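J.: I'll drop the sequence and a predicted model, then ask my questions.
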Amino acid sequence: MRRSSTHLTPRARPLKRPRQARARFTVQAIYDAYVRIWQRDGWEGLTTRKVALETGIAVGTLYDYFPSKEALHSGYVRHCIERLLEKVEQRVVAPESLDSRVRLHRLIRLLGGLDRDQPSWFHPDMMRLEPLVADRKYQQRAYGELLAMWRRVLAACTDLPRPATPETVEALHLAVWGGRRYALQVGLEEERMVRWAEETERMCLLMLGLTSVETPA
């Protein structure tokens, strides 16, 4: 039986965020160990003690940040979203010489997990864990951040034939992010994900007026 979001305990959330360089290095090492152990032993075989040993730190040091493996998972998901937002800002929004088609191509590949330089690792079981680590407030926060990311990308697309309406921006966000999550859940292999990304990119171009649909003969 799934735990209601109203039953989340403080142990399901990270205790603090790393501020100093040394602390950030330690937390990154914890995340790296977390991923290795999950890939090797699965979620059920993952413990905070294993993560501490694999990282080479004291269990108490890990508990300073993550009081449980659910809190560690919550922190990792948050870390992945932040890294994604940073990557989009660097590769899609910031460059000044890109036309809209290139920006959208890069964005869809990043959101689809197809960028080879993208460090985040995801597993379908992570969605099963959502009720344990995130309530609606935190999900809405992530939703708002990703929607704002779309707004920044489209604001950088200065060659659009017309400005995108707020409804179009939200529809694009829902279509792409929802498609990625569903594809992850059903385990689409990479070849099909590549085709999905190509068709999704075409859909985005159509919605933004950057190409036209050919009329069948």
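T.: That came through fine. Given the structure is predicted, the values throughout are model-derived calculations rather than measurements. Numbering: from 1, shown residues only.

J.: if I look at the residue nearest the centre of the chain, how far off is residue 45?
T.: Nearest residue to the geometric centre of the chain (CA atoms, centre = their mean): residue 81, 4.1 Å. The gap separating residue 81 from residue 45 is 25 Å, by CB to CB, to the nearest Å. Placement of C-beta: from N, CA and C, glycine included.

J.: returning to what we had before: so the residue nearest to the centre of the chain, which state does it fall into?
T.: helix (DSSP: H, G, I helix; E, B strand; the rest coil).

J.: wait, isn't it in contact with residue 145?
T.: Yes. The pair residue 81 / residue 145 is scored as a contact, 6.9 Å apart, by CB atoms under 8 Å.

J.: so what's the residue count around residue 104?
T.: If you count neighbours by other CB atoms under 10 Å, residue 104 ends up with 23.

J.: tell me which element it falls in.
T.: Assigning secondary structure by DSSP states H and E places residue 104 in helix 100-111.

J.: just residue 170 next, same as before
T.: Going by DSSP H and E, residue 170 is part of helix 166-186.

J.: in that helix, what counts as buried?
T.: 168, 169, 171, 172, 173, 176, 177, 179, 180, 183, 184 (16 or more other CB atoms under 10 Å).

J.: just the helices from this structure, written as ranges.
T.: Applying DSSP state H to the chain gives helices spanning 21-41, 48-55, 59-65, 69-88, 100-111, 125-128, 130-133, 136-156, 166-186, 190-207.

J.: what is the last one packed up against?
T.: Looking back up the chat, that one is helix 190-207. In terms of contacts (3 or more CB pairs under 8 Å, 6 or more residues apart in numbering; DSSP states H and E), helix 190-207 is packed against helix 100-111, helix 166-186.

J.: quick check: buried residues in the shortest one?
T.: Of all the residues in helix 100-111, those buried under the rule 16+ other CB under 10 Å are 100, 101, 103, 104, 105, 106, 107, 108, 109, 110, 111.

J.: ok, stretch 41-60 next?
T.: Quick answer for stretch 41-60 (16+ other CB under 10 Å): 46, 48, 50, 51, 52, 54, 55, 57.

J.: centre of the chain versus stretch 26-45, how much separation?
T.: Its chain's average C-alpha position is 17 Å from that of stretch 26-45, according to CA atoms, centre = their mean, to the nearest Å.

J.: how about residues contacting it?
T.: Outside stretch 26-45, the residues within contact range by CB atoms under 8 Å, 6 or more residues apart in numbering are 18, 46, 50-51, 54-57, 61-62, 65-66, 72-73, 75-76, 79, 121, 123, 125, 129.
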